[in-house]
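Chemist: Fold the following and give me the result.
(chains A and B)
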Amino acid sequence: MTGGERGPEVGLGDWTPESLDVPGEVRAVVSAPHPVLSRAADEVDPTAKETVQLAADLIATMKVSPGCVGLAAPQVGVGARVFAVDVTGHPKAVTVHGTFVLCNARVVEATRWKPGREGCMSVPDLTGDVKRASRLVVEGDLPGSGEPVRLVTDGFEARALQHEIDHCAGLLFLDRVAGAHAVYQRKVYL
Amino acid sequence: MNELAITVIGRDRPGIVADVAEVLARLGANLTDSTMTRLRGHFAMTLICTGPAAAEVEAALASLAAEGQLLATVRAVTPDGDVPPVGEPYVMAVHGSDRMGIVAAMTRVLVDAGGNVTDLSTRLTGALYVVLAEVELPAGVADTLLDRLHRTAAELGVEVTLRPADPDLL
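Modeler: I've put the predicted structure just below:
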């Protein structure tokens, strides 16, 4: 996976969920309106024991939630800038980095904005049309080692990353919908 | 708890939404789902609220309607309960020269395929007519339906597209 014109990627290296070396526990997912979803989360020490446990818990919770491709710490009630993403096998995914967790992630480049309809586990009854960059560069730290990464991605994985980074900033997709008539009742439950 | 269906239609002016919402709030009527828009310069608001009796709300809104610029109706309704989804969400877009019967013909094709229109808006601007419909379709009918929509659209001299509006759960 190369970054092409968008600068070099500093990938996950040999990081895998197993590198966390702790079993993840499934946590309860909170729904809006919950205050933790609406405030900017705190920066974390990616090497701290509680960050590593949180990372493992996010992966475990994401894996047991049908159709879930990403989960941010605020969604399990923790105001920390940590999230898990895994778009493996999703039909709309192009670039795929597998299962990973990022701490203190930030968007450094976002281009080629495209609309799409999003739903969120923390807003279970609504969906909304949201524009997201389809080319994205994100920097953050890996939990455990604390190694910095620079992920270059696109398409569906880019959308998932922006959605989770928004959660860490206290933003829901509702804060970004395209207009007054761009929110819909969600009728299909996965 | 009373559930009320309210419509307010009238000449558009700044402050209508605030005025209507204020009247309802003062009566303890809780605005639940609502949609408000401008239709050819007319302000149009449809909403469901819970709280006071219909007569009380009607009387309060009548004060706003007093100058004859607004028409408000209030009706007590019974909650529908949850309607099970028909299937998968799609968006149908139709555009072309305005003529009689476009909405009737196109939505009839949707209904005949087992579809359920959940949201629809139309706009006429100059000679151009635009229809946008959110529709739930039973699984597997989209391809056949699109053929029928194309045929009907051709008879009407308009263009039609049908695309999935599946949300991605993130």
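
Chemist: right, and residue A:83 touches residue A:166 too?
Modeler: No - applying CB atoms under 8 Å, one finds residue A:83 not in contact with residue A:166, separated by 9.8 Å. The C-beta positions use only the backbone N, C-alpha and C, and glycine is treated the same way.

Chemist: so what sits against both of these two?
Modeler: Common neighbours of residue A:83 and residue A:166 (criterion: CB atoms under 8 Å, 6 or more residues apart in numbering or on different chains): none identified.

Chemist: What segments of the chain are helices?
Modeler: With no chain named, the answer covers chain A. Assigned by DSSP state H, chain A shows helices spanning A:49-64, A:155-168.

Chemist: The chain in question should be chain B.
Modeler: Going by DSSP H, chain B shows helices at B:16-26, B:54-65, B:102-112, B:142-156.

Chemist: Using a markdown table, lay out those together with distance to residue A:143 and mean pLDDT.
Modeler: Formatted as a markdown table, the helices of chain B follow (distance: least, CB to CB, whole Å; pLDDT from 0 to 100):
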| stretch | distance to residue A:143 | mean pLDDT |
| --- | --- | --- |
| helix B:16-26 | 46 | 93 |
| helix B:54-65 | 55 | 90 |
| helix B:102-112 | 49 | 97 |
| helix B:142-156 | 43 | 96 |
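
Chemist: for chain A, what are the low-confidence residue spans?
Modeler: Within chain A, the segments meeting pLDDT under 70 span A:1-7, A:187-190.

Chemist: Would you tell me which residues of it are close to chain B?
Modeler: A:67-70, A:90, A:92, A:116-121, A:127, A:156, A:159-160, A:163-164, A:173, A:180-181, A:184-188, A:190 (CB under 8 Å from any CB of the partner chain).

Chemist: Pull out the buried members of these.
Modeler: If you count burial by 16 or more other CB atoms under 10 Å in any protein chain shown, the buried members of the residues of chain A next to chain B come out as A:68-70, A:90, A:116-121, A:127, A:156, A:159-160, A:163-164, A:173, A:184, A:186-187.

Chemist: Among those residues, which lie within strands?
Modeler: Among these, the residues falling in strands (DSSP state E) are A:70, A:116, A:117, A:118, A:119, A:120, A:127, A:184.

Chemist: In TSV: the residues you listed, plus distance to residue B:115.
Modeler: Listed next are these as TSV, based on distance: CB to CB, whole Å:
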residue	distance to residue B:115
A:70	32
A:116	23
A:117	18
A:118	23
A:119	21
A:120	27
A:127	19
A:184	16
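
Chemist: wait, what's in contact with the closest residue to residue A:100 other than its chain neighbours?
Modeler: Taking CB to CB, 6 or more residues apart in numbering or on different chains, and ignoring the residues beside it in sequence, residue A:100 has residue A:12 as its nearest neighbour in space, at 5.6 Å. Residues near residue A:12 by CB under 8 Å, 6+ apart: A:97, A:98, A:100, A:142, A:149, A:151.

Chemist: top of those by neighbour count?
Modeler: For the contacts of residue A:12, the largest number of neighbours (other CB atoms under 10 Å in any protein chain shown) sits with residue A:151, at 25 neighbours.

Chemist: sorry, back to before: return the most buried member of the helices of chain A.
Modeler: Stretch with highest mean neighbour count among these: helix A:155-168 (a mean of 25; mean count of other CB atoms under 10 Å in any protein chain shown).

Chemist: what packs against it?
Modeler: Helix A:155-168 sits against strand A:70-72, strand A:82-85, strand A:100-120, strand A:123-141, with contacts defined as 3 or more CB pairs under 8 Å, 6 or more residues apart in numbering or on different chains; DSSP states H and E.

Chemist: and the angle from that helix to strand A:100-120?
Modeler: Relative orientation of helix A:155-168 and strand A:100-120, computed by axes from the mean of the first three to the mean of the last three CA atoms, to 10 degrees: 90 degrees.

Chemist: Quick one: work out the angle between helix A:155-168 and helix A:49-64.
Modeler: The directions of helix A:155-168 and helix A:49-64 differ by 130 degrees, with the same axes, to 10 degrees as the criterion.

Chemist: Spell out for me which residue occupies the centre of chain A.
Modeler: Nearest to the mean C-alpha position of chain A, counting by CA atoms, centre = their mean, stands residue A:164 at 3.1 Å.

Chemist: show me the contacts for the closest residue to that residue other than its chain neighbours.
Modeler: Sequence neighbours aside, residue A:83 is the residue nearest to residue A:164 in space, at 3.8 Å (criterion: CB to CB, 6+ apart). Contact partners of residue A:83, counting by CB under 8 Å, 6+ apart, are A:58, A:70, A:71, A:72, A:73, A:101, A:102, A:105, A:164, A:165, A:167, A:168.

Chemist: Residue A:83 bridge partners, please.
Modeler: Using DSSP bridges, the bridge partners assigned to residue A:83 are residue A:72, residue A:102.

Chemist: which bits of chain B sit near chain A?
Modeler: For chain B, the residues in contact with chain A (CB under 8 Å from any CB) are B:35-37, B:85, B:88-89, B:118-119, B:121, B:134, B:136, B:165-170.

Chemist: Sort out for me which of those residues are in strands.
Modeler: Per DSSP E, the residues of chain B next to chain A map to strands at B:35, B:36, B:37, B:88, B:89, B:118, B:119, B:121, B:134, B:136, B:168, B:169.
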